[in-house]
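Enquirer: Predicted model, plus sequence, below.
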Amino acid sequence: MVLTDAIARLIPGVLGHKDSTRSESFENSLLEYPQYTRPAEFRGMKVPDVLLNGNHKNIERWRSDEALKRTLKRRPDLLNSV
């Protein structure tokens, strides 16, 4: 299944948008930023306000910062290759 997924991603249109693979965690040597879904609060955990305000520049900045933090904490060895 992994091989099928890897190959299918190379076929134009499979992911919907041609730039979709640019945000994949293995494309930029960083782990992926945290993912959230609805509701905005679940069991005392809240979605960060920045993700709810609609400012796409701030959201992108937050995603980059969180990806870097997550990589530093979990896989600092990946940053040596950047």
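Expert: Yep, that arrived.
Enquirer: all contacts plus neighbour counts: C-alpha atoms, from now on.
Expert: Will do.
Enquirer: looking at this, Thr37 is in a strand?
Expert: No: assessed by DSSP: H, G, I helix; E, B strand; the rest coil, Thr37 does not belong to a strand; its assignment is coil.
Enquirer: Renumber starting at 46 from here on
Expert: Okay, residue one is now 46; in that scheme the one you just asked about reads as Thr82.
Enquirer: measure it to Met90 for me?
Expert: The spacing between Thr82 and Met90, counted by Cα to Cα, to the nearest Å, is 11 Å.
Enquirer: Check Leu75 too.
Expert: 24 Å.
Enquirer: Nearest the geometric middle of this structure, what residue?
Expert: What sits nearest the mean C-alpha location of the chain, by Cα atoms, centre = their mean, is Glu77, with 3.7 Å.
Enquirer: Please determine how far that one is located from Thr49.
Expert: Glu77 is 21 Å from Thr49, where distance means Cα to Cα.
Enquirer: And for Glu86?
Expert: The gap separating Glu86 from Thr49 is 36 Å, by Cα to Cα.
Enquirer: okay, these two: which has more neighbours?
Expert: Neighbours per residue, other Cα atoms under 10 Å: of Glu86 and Thr49, the larger number sits with Glu86, 12 against 8.
Enquirer: Right, I'll call it a day here.
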